[in-house]
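*Asks:* Sequence and computational prediction follow.
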Amino acid sequence: MDTILPIIAFSVIVGALIAFLAFGAYFGKRKSEIQSITRPETLNPNPKPASKPSAAKKPHHKSHAADKDANKKHHHLDLNTLKGHGDAVTGLCFSTDARSLATACGDGIIRVFKLDDASSKSFKFLRINLPAGGHPTALAIADDASSVVVASRTLSGSSLYMYGEEKPKADADQKSKLPLPEIKWEHHKVHDKKEIITLVGTKATYGSADGSTIILSCSEGTDIILWQGKSGKTLGNVDTNQLKNTMASVSPNGRFIAAAAFTADVKVWEIVYSKDGSVKEIVKAMQLKGHKSAVTWLCFTPNSEQIITASKDGSIRIWNINVRYHLDEDPKTLKVFPIPLKDAKGTSLHYDRLSLSPDGKILAATHGTTLQWLCAETGQVLDTAEKAHDGEITDMKWAPTTIPMENKRVVVLATSSTDKKVKMWAAPDKA
């Protein structure tokens, strides 16, 4: 019995020691687990600021994406934009030396921009306010680079105003501001009160013409009137007798008048000049027959011997009008091109406007907000700006000569739109 008691005591001591070691290992492990869980908070007690850099990067990434989208919208031929118009820009025209660009705006103001450099960040312009209630619809250069004829629409009908610079007085200070243009002549209720839809000016140089500027005005009715640019005198008029005019133009040398109207045929008249250089009469010359649907626009080639027409039948035709029509020789179709513009469904579209470059090699064409450049020789598309403007394109003109841009000179096309802007475009590379 006495020998058993020490054995029992030893066993109890050993068991207690084992239990102590086991519990010590258990609590040590739990402490380690608790520390491992709490260590991130201990090392970074305020995790929220750590997430701020990632939050700050987000708008930076968005801004970069916006910049990329802006770059995509900027067409590589887009040179500059003339801003500051208060309403839709309805028409434009370059001066004969291409140093100025006049614009007509629905806010009743004519702006004449000075084009010292096509890449300028801002352009100086001369402001001409039309008489109260007038809304300009078209423009044309009158007698010289500083004179402009404006077609204006009012409730009482259409009016024509010729603005020219007032001659500075002999004792005027040379440092004073340039004199503002003043009205040199005006006509009211022309075209039987109908709106003037196109206005074209050119120097008459054909035959015995005296080289003075003549102005053609075409109404939305059926009549077309020819005016003398300097005096505003009526030189003659014709009637298309085709229900409604679409547009009309005069050849660069002042020999022919051509009109696109309600039908598929284009009527052409010749302006006959007297020996003294004045206009004698306007006679019917020929008709261009071949399109199957209404002609939407036409333009003359620089040599005045050909006409380019675009039609709703989806084609472009080039006509030779340098024929002996007095001997009943008919004008000939030289080329026919399909209009390459199609909608999302693949349906061919028509062109609203045409404009031929001064060298006769590039044909600019518009449909809605789309602007295209074609090779006039082959009809090949040279370039396209699908959304050239945010609104419908209302007018389009090539500068008659190159315009300075930084350290070079460029060929420029100007377009106006209902989006209150005028854009200047470089000519694409020729095919």
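*Replies:* Right, received. Where do you want to start? Worth saying up front: this structure is predicted, and the values here are computed from it rather than measured. Numbers count the residues shown, from 1 in each chain.

*Asks:* average pLDDT for stretch 288-297?
*Replies:* What stretch 288-297 shows for mean pLDDT is 97.

*Asks:* can I have that stretch written out in CSV, keeping just the CAs?
*Replies:* What follows is stretch 288-297, C-alpha atoms only, in CSV (Å, rounded to 0.1, in the frame of the first residue of the first chain):
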residue,chain,number,x,y,z
LEU,A,288,-29.7,68.9,-121.0
LYS,A,289,-31.8,65.7,-121.4
GLY,A,290,-30.7,62.4,-119.9
HIS,A,291,-31.5,62.2,-116.2
LYS,A,292,-34.5,60.1,-115.2
SER,A,293,-35.4,62.2,-112.2
ALA,A,294,-35.2,65.7,-110.9
VAL,A,295,-31.7,67.4,-111.0
THR,A,296,-30.8,68.5,-107.4
TRP,A,297,-27.7,70.7,-108.2
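
*Asks:* residues making contact with it?
*Replies:* 246-247, 258, 260-266, 268, 307, 309-313, 315, 317, 319, 321, 331, 333, 350-354 (Cβ atoms under 8 Å, 6 or more residues apart in numbering). Glycine gets a C-beta too; all of them are placed from N, C-alpha and C.

*Asks:* Of those residues, keep whichever come out buried.
*Replies:* 246-247, 258, 260-261, 263-266, 268, 307, 309-313, 315, 317, 319, 321, 331, 350-354 (16 or more other Cβ atoms under 10 Å).

*Asks:* pLDDT (mean, whole number) over stretch 405-414?
*Replies:* The average pLDDT for stretch 405-414 rounds to 96.

*Asks:* repeat for stretch 269-284
*Replies:* 96.

*Asks:* do stretch 309-316 as well
*Replies:* Mean pLDDT, computed over stretch 309-316, is 97.

*Asks:* Any idea how far it is from the middle of the chain?
*Replies:* Distance of stretch 309-316 from its chain centroid, counting by Cα atoms, centre = their mean, to the nearest Å, is 21 Å.

*Asks:* got the CA coordinates for it in CSV?
*Replies:* C-alpha atoms of stretch 309-316 as CSV (Å, rounded to 0.1, in the frame of the first residue of the first chain):
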residue,chain,number,x,y,z
THR,A,309,-25.3,67.7,-112.7
ALA,A,310,-26.5,65.5,-109.8
SER,A,311,-29.9,63.9,-109.9
LYS,A,312,-32.3,62.0,-107.7
ASP,A,313,-31.9,59.2,-110.1
GLY,A,314,-28.6,58.4,-108.3
SER,A,315,-26.2,59.6,-111.0
ILE,A,316,-23.8,62.4,-111.8
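
*Asks:* Can you list the neighbours in contact with that stretch?
*Replies:* With Cβ under 8 Å, 6+ apart as the criterion, stretch 309-316 contacts 260, 264, 266, 288, 291-298, 308, 317, 319, 336-339, 348-351, 354, 363, 365, 374, 379.

*Asks:* That'll do, ta.
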